[in-house]
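**Q** coordinates for the following, if possible.
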Amino acid sequence: MAGKLYGVGIGPGDPELITIKAKRILTEVDVIAVPKTAVEKESMAQTIAESAFEKGKELLELIFPMSFDEKVLEKSWKEAIGQIREKLDMDRSVAFITLGDPTVYSTYMYIHKKLHREGYATEIIPGITSFCASAARAGVSLGENRETIAVIPSAYECEHLEEVLQRFDNIVLMKASKSLPKLKELLKEQGLLEKSVLVSRCGLEDEKIDYGLSLTDAEKISYFTTVIVKKSGLE
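**A** Residues are numbered from 1 along each chain as shown. The predicted model follows:
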């Protein structure tokens, strides 16, 4: 009999935002799969989640390089699936921890779909998304009445950002650090700079919240940075 795979959302960073169900699953499973960008680097997901499970729990480190090369990504997914499958075939339950929610731009879903199609038991445990947590920290509503919402996963890759800004009432720009100077210029042109707020490393000790995007271009901003644009105003 094969074990069960769980995709567990652990929220944006604050360990207190891990749900009760996620904590229970992390306590009960045999193995916790930990995503990392490189062998020598720490896992942010593990740092956030480690307070939710006891010391000594078996950890399965899975390497997912930061790359846009499809062959590199495919190789990492294939290797991760093989490592997880090996544990499941030993009748061991596995929880793959992922930042935010597993269904929102998460590497986990590639693994989930493959193993689910192969007949393994799977379950997704939802988590609080980074942009919902960022909106809460900034005190901004993401949607009121009939307002429309657009979520852009990588602001620096969006070729139609000007059109998006025109068509939607509220716009969430994730991973905005790389394109911040260009983004500030565009928002200023559109008269939206003062209607924007930046939240970096939401829920962590070095969290930054910047209304109106007043940070200078010289200031280093984390990869985990979200900009929320609210056309009706931030108040």
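**Q** quick check: which ranges of this structure have low pLDDT?
**A** For the chain, the stretches flagged by pLDDT under 70 are 1, 155-156, 216-219.
**Q** that one: strands as residue ranges?
**A** Using DSSP state E, the strands assigned to the chain run over residues 4-9, 31-36, 58-63, 94-98, 121-125, 149-152, 170-174, 196-200, 208-211, 225-230.
**Q** elements contacting the lengthiest helix in the chain?
**A** Counting by DSSP state H, the longest helix found in the chain is helix 70-89. Under the contact definition 3 or more CB pairs under 8 Å, 6 or more residues apart in numbering; DSSP states H and E, helix 70-89 sits against strand 4-9, strand 31-36, strand 58-63, strand 94-98, helix 108-117. All C-beta spots, glycine's among them, are computed from the backbone N, C-alpha and C.
**Q** change it to 7 Å
**A** Contacts defined by 3 or more CB pairs under 7 Å, 6 or more residues apart in numbering; DSSP states H and E place helix 70-89 against strand 58-63, strand 94-98, helix 108-117.
**Q** redo the strands of the chain as TSV? Include mean neighbour count.
**A** Output for those, formatted as TSV (neighbours: other CB atoms under 10 Å):
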stretch	mean neighbour count
strand 4-9	25
strand 31-36	22
strand 58-63	16
strand 94-98	28
strand 121-125	18
strand 149-152	17
strand 170-174	24
strand 196-200	24
strand 208-211	15
strand 225-230	25
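**Q** quick one, which of those gets closest to residue 78.
**A** strand 58-63 (11.3 Å; CB to CB).
**Q** all set, thanks.
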